[in-house]
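In: 3D model of this:
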Amino acid sequence: MVGMTTLPIVPTPSSRVLVASPNRFIREQAFEELRARSCAVEQVVGGADALAQLEKGGWQALLLDRRLADLDSDELAELVRQRFPETEVVWLESANKESRKLAGDEAGDYPDRQPQAFGEREKDTGSSVESSLPGMIGNSRSMQPVYRAARLLAGRDTTVLITGPTGSGKELVARAIHQLSPRARRAFVVVNCAAIPETLLESELFGHARGAFTGALQSYSGRIQAAQGGTLFLDEIGEMPLSLQPKLLRFLERKEVQRLGSYETLQVDTRIAAATNANLPALVRQGKFREDLYYRLATFPLEIPPLRDRPEDLAVLARHFVEQLALHLPAPKISSAAMQMLRAQRWAGNVRELQNVMERALILAEGQPVLYPEHLLVPEVGSKS
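Out: Next comes the predicted model:
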C-alpha cells in the first residue's frame, strides 16, 4: 500500500478529526495516519453527512476532499467556517499521483462508491445522481430535480414555495434547505396556517402590543420575529385568510413587521418558505388567494412528487421506518411478499402513510423476525386512489 503524503495538519493527541471524502482509499489512508497519532477519527463520504456529524459538536478539524460527491467543497468549507468556527477546515491534499492512481481516480472516478440511505452522488452510465437531502431518504430519479434545486436555493434568501400532495415531505425539504443554508444556526419556525383560527393567526404571525385586544395582557413578538435570522415555514399557505395576505405580502417586499395594535414597524430578517397541497393558481382564479402574493411566494416553486412516482425509494423507505420504529428491539426483515404488497399500493397518504403502515406492522408482528403481508394493514383509500 502506498503511503499518503504528510497530512496537512499535525493534530494533537485526542483531537477529534472528521475525514470527508468519497474515495474509500483516501479515507482509510487518512484514518490510519490519524489513528497512529492517537486522534479520534470518523469517516464520511459526502458533505451532507459531514454537516450532520459536525452538528453534534466537539470536532477540532475537518479534513475535506476537494472532490466531494454531493456538495461543492468550497461552499461547504465556507459554510463550516461560518457555522462551526471551532472546527478547522483543512483541505485533504489526499495523496500523490500514485496513490490517486491506485484509488482509481486517474480517470476522475471513484470505484468504491456505494449508494447510501443518505447517499452520495454516484456515477451511472456517465450521469451524476444527486444525494438525498439531510433528513430525507432515497435517490429516485423523480427526486433528483428537488435535491438539486434545494441545494441551489440553500445559499440564497429566495422565497420558496413547496408544493406537493399530503405526506410527501414538504416540511422535510424546507428544513433541509434551512439546514444547508447560512441561517442554519438560527431558528426554523413552523406555522400551520390551517391549524390556527383566523382571529388568532395575525397575532401569531406578526405579534401584538399590550392591550391590542381583550386578554392581551402583555406584548407578543410573533412567529416572524421569532425566526429572526432564520427561516419561517408557512405550511398550508393556501388556507391563509384573504384579510392577512396583504400584510404578509408587505413583509415579503419590505421585511417589515407591524404588530397588532401598534403603529411601530420593525425590520426583521427572516426567510420565508411556504408549502401547500392546494392548487394556488386555481385559488387565485376563484378570488380566494391574492395573485400578487402568489407570484411573490412562487419566486422559486419546488414540486415534490408523490410516493407512487418514486418506486425506487419504496423499499429503502420501508426498511428505514422499520429500523427507526423498532427502537431497542432487533428490526425485523420485510418478506418479499410483503414488499410486493407495498409496491402494489397507490399511497394516497404518501411517505407519511407508509410510515404509519410500517408502525402498525411492527405492532402486529409482536416481535417476529419477519414482516409478512398479514401484518400490513393498508387503508382502503390508499389502495383505491
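
In: contacts and neighbour counts: CA atoms only from here.
Out: Will do.

In: run through the residues that contact the residue positioned nearest the centre of the chain.
Out: Nearest residue to the geometric centre of the chain (CA atoms, centre = their mean): residue 176, 2.4 Å. Residue 176 is in contact with 133, 134, 135, 150, counting by CA atoms under 8 Å, 6 or more residues apart in numbering.

In: against residue 356, how distant is the nearest residue to residue 198 once chain neighbours are set aside?
Out: Of all residues not flanking residue 198 in the chain, residue 241 sits nearest, at 6.6 Å (CA to CA, 6 or more residues apart in numbering). Distance of residue 241 to residue 356, computed by CA to CA, to the nearest Å: 31 Å.

In: of these two, who's got more company?
Out: Neighbour tally, residue 241 and residue 356, criterion other CA atoms under 10 Å: the higher count belongs to residue 241, 18 against 14.

In: what are the buried residues along the one helix or strand residue 296 maps to?
Out: Secondary structure assignment for residue 296, by DSSP states H and E: helix 291-297. Buried positions in helix 291-297, judged by neighbour count with 16 or more other CA atoms under 10 Å: 293, 294, 296, 297.

In: partners of the helix or strand hosting residue 162, with directions?
Out: Applying DSSP H and E as the criterion places residue 162 in strand 160-163. Here strand 160-163 has these sheet partners by DSSP bridges: strand 271-276 (parallel), strand 300-303 (parallel).

In: who touches stretch 350-369?
Out: Contacts of stretch 350-369 (CA under 8 Å, 6+ apart): 165-169, 306-308, 318, 321-322, 325-326, 329-333, 347, 371, 375-378.

In: does the spatially closest residue to residue 82 that is not a sequence neighbour fall in a helix, a strand, or a coil region?
Out: Excluding its sequence neighbours, the residue lying closest to residue 82 (CA to CA, 6+ apart) is residue 182, at 7.3 Å. Using DSSP: H, G, I helix; E, B strand; the rest coil, the secondary structure recorded for residue 182 is coil.

In: doesn't residue 155 make contact with residue 182?
Out: Yes. Counting by CA atoms under 8 Å, residue 155 is a contact partner of residue 182 at 6.6 Å.

In: who has more neighbours, these two?
Out: Between residue 182 and residue 155, residue 182 has the larger neighbour count (other CA under 10 Å), namely 20 against 16.

In: re the thing from before, for the residue nearest to residue 82, what are its contacts?
Out: 79, 82, 83, 154, 155.

In: mind doing that once more with 10 Å?
Out: 78, 79, 80, 82, 83, 154, 155, 156, 157, 229, 230 (CA atoms under 10 Å, 6 or more residues apart in numbering).

In: same question, residue 152
Out: Contacts were defined as CA under 10 Å, 6+ apart; by that measure residue 152 touches 146, 177, 180, 181.

In: which helix or strand contains the first one?
Out: What it means is residue 146. Assigned by DSSP H and E, residue 146 falls within helix 144-154.

In: circling back: residue 187: which of the contacts of residue 182 is nearest?
Out: Nearest to residue 187 among these: residue 230, at 5.0 Å, using CA to CA.

In: residue 244 - nearest residue in space that isn't next to it in sequence?
Out: residue 202 (6.7 Å).

In: the one you found: neighbour count?
Out: For residue 202, the neighbour count with other CA under 10 Å is 23.

In: hang on, it packs against residue 260?
Out: Yes. Shown here, residue 202 and residue 260 form a contact pair, counting by CA atoms under 10 Å, at 7.5 Å.

In: could you tell me which residues touch both of these two?
Out: 208, 222.

In: out of the contacts of residue 152, who's nearest residue 64?
Out: For the contacts of residue 152, the nearest to residue 64 is residue 180 (16.9 Å; CA to CA).

In: identify the farthest-apart pair in the contacts of residue 176.
Out: Using CA to CA, the contacts of residue 176 span at most 12.9 Å, a distance reached by 135 and 150.

In: low-confidence ranges, this structure, go.
Out: For the chain, applying pLDDT under 70 flags the ranges 1-13, 69-71, 93-129, 379-385.

In: and the helix holding residue 146, which residues are buried?
Out: Applying 16+ other CA under 10 Å to helix 144-154 flags 144, 146, 147, 148, 150, 151, 153, 154 as buried.

In: make JSON lines out of these and add distance to residue 57.
Out: Shown next, in JSON lines, are the buried residues of helix 144-154 (distance: CA to CA, whole Å):
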{"residue": "144", "distance to residue 57": "30"}
{"residue": "146", "distance to residue 57": "29"}
{"residue": "147", "distance to residue 57": "26"}
{"residue": "148", "distance to residue 57": "27"}
{"residue": "150", "distance to residue 57": "25"}
{"residue": "151", "distance to residue 57": "23"}
{"residue": "153", "distance to residue 57": "25"}
{"residue": "154", "distance to residue 57": "22"}
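
In: of the buried residues of helix 291-297, closest to residue 38?
Out: Of all these, residue 38 sits closest to residue 297, with 52.0 Å by CA to CA.

In: distance of residue 254 from residue 171?
Out: On the measure of CA to CA, residue 254 and residue 171 end up 25 Å apart.

In: of these two, which one has the most company?
Out: Higher neighbour count among residue 254 and residue 171: residue 171, with 18 against 11, using other CA under 10 Å.

In: which ones are touching that one?
Out: Here residue 171 is in contact with 162, 177, 190, 233, 234, 235, 273, 274, 275 (criterion: CA under 10 Å, 6+ apart).
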